[in-house]
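Engineer: Any chance you could fold what I've pasted below:
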Amino acid sequence: MVLTNKGVVVIDTPWTEPQTEELIQSIQTKFQKQIVFLIVTQAHDDRMAGVPNFLKRNIPVFSTTEVVVSGHGNWGKLDLLRHTIRLLISPNH
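Structural biologist: Sure, this is the predicted structure:
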């Protein structure tokens with residue numbers, strides 16, 4: 001997760017929706033900030049199974065086309081809040 005002056009950016013979700021719900025509640029309680037968006041880095045359950053929890057709250061979810069479509073190869077870059085994050089495939093994936 002990344003704390004910004006506009007709120008919290010979450011990167012990937014836990015394995016399950018209940019675990020994701022716990023994460024969201026913990027972030028809001030601990031930091032007293034809203035979650036501004038979620039970044040999904042891989043098309044695997046251990047990274048995106050909790051996406052519905054964010055969508056139910058109208059929290060934007062971002063990824064790259066490559067992650068959404070295939071989940072393979074180098075995933076390009078995301079330009080977020082005046083910062084660029086480059087997503088690359090990691091070993092064993």
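Engineer: Confirm for me that Glu17 is in contact with Pro52.
Structural biologist: Yes: checked against CB atoms under 8 Å, the pair Glu17 and Pro52 is within contact range at 6.1 Å. (Each C-beta comes from the backbone N, C-alpha and C, glycine too.)
Engineer: who are the neighbours in contact with the residue nearest to Gly7 when sequence neighbours are not counted?
Structural biologist: Nearest non-adjacent residue to Gly7, counting by CB to CB, 6 or more residues apart in numbering: Val36, 3.8 Å away. Shown in contact with Val36 (CB atoms under 8 Å, 6 or more residues apart in numbering): Thr4, Lys6, Gly7, Val8, Val9, Ile59, Pro60.
Engineer: tell me the SS of Val36?
Structural biologist: strand (DSSP: H, G, I helix; E, B strand; the rest coil).
Engineer: How about Gln25?
Structural biologist: helix.
Engineer: Check what pLDDT it gets.
Structural biologist: Here the pLDDT value assigned to Gln25 is 94.
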